[in-house]
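Novice: 3D, please:
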Amino acid sequence: MSEAETILSEQQLLEKAVQFPQGIPGFPHSRLFVFNQLPEEMPFAWMRNLEDANIAFAVVSVHDLMPDYSFAVDDEEIKVIGEPTPAECAIYVIVRIEPMENGIRVHANLRAPILVNPAKRLGMQVVLQNTNYEDSALFEFGAGE
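Specialist: Down below sits the predicted model:
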């Protein structure tokens, strides 16, 4: 648990939590997550499971990495999070961050975005089919930027 989370009461964490009614692929029983972003870690955040403290993912808003990222989701599929419009939906991707001598290297799973409806505090992870997006797209920041 992060410093920011230790300050929050259990009730405050539950009020911030995003429910994933279907869990996420590979973690079907992990359904309640909180997103924490510390200023020194921006634009990255942590998506932490409230049911199992051992489950946490580094995430970033996909548009911070790839402003023109787009995809289609079936209308039936999006009902799980309350049918938000694209403008109402926050889109994250899970990342793996590697420090480099003069920056960082980020591997982003663009093939399985996380969709969050902030108004309803509902989320889902979609595994995109028939896409050219990679499950480990590489981005480098720092040296030579």
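Novice: now this structure, which segments are flagged as low pLDDT?
Specialist: Across the chain, the ranges flagged by pLDDT under 70 are 1-8, 143-145.
Novice: where along it do the strands fall?
Specialist: 18-19, 32-36, 44-49, 56-61, 90-100, 103-108, 114-117, 122-125, 137-142 (DSSP state E).
Novice: now for the fourth one, which elements pack on it?
Specialist: For strand 56-61, the packing partners by 3 or more C-beta pairs under 8 Å, 6 or more residues apart in numbering; DSSP states H and E come out as strand 44-49, strand 90-100. From N, CA and C alone the C-beta is placed, and that goes for glycine too.
Novice: what's the longest helix in this protein?
Specialist: Longest helix in the chain by number of residues (criterion: DSSP state H): helix 10-16.
Novice: Can you tell me how far residue 133 is from residue 87?
Specialist: As for residue 133, its distance to residue 87 is 21 Å (criterion: C-beta to C-beta, to the nearest Å).
Novice: the more surrounded of these two?
Specialist: Neighbours per residue, other C-beta atoms under 10 Å: of residue 133 and residue 87, the larger number sits with residue 133, 17 against 5.
Novice: Spit out the contact partners of the nearest residue to the more buried one once chain neighbours are set aside.
Specialist: The shortest distance from residue 133 to any non-neighbouring residue, by C-beta to C-beta, 6 or more residues apart in numbering, is to residue 110 (3.8 Å). Residue 110 makes contacts with 62, 66, 69, 93, 133, 134, 135, 137, as judged by C-beta atoms under 8 Å, 6 or more residues apart in numbering.
Novice: Try it again at 6 Å.
Specialist: Contacts here follow C-beta atoms under 6 Å, 6 or more residues apart in numbering; on that basis residue 110 touches 93, 133, 134, 137.
Novice: which of those residues count as buried?
Specialist: Taking 16 or more other C-beta atoms under 10 Å as the criterion, what is buried in those is 93, 133, 137.
Novice: how about a markdown table for these, with distance to residue 35 added?
Specialist: Output for the buried ones among the contacts of residue 110, formatted as a markdown table (distance: C-beta to C-beta, whole Å):
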| residue | distance to residue 35 |
| --- | --- |
| 93 | 13 |
| 133 | 22 |
| 137 | 21 |
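Novice: And the spatially most central residue of the chain, how far from residue 18?
Specialist: Geometric centre of the chain, nearest residue: residue 92, 3.8 Å, by C-alpha atoms, centre = their mean. According to C-beta to C-beta, residue 92 and residue 18 sit 10 Å apart.
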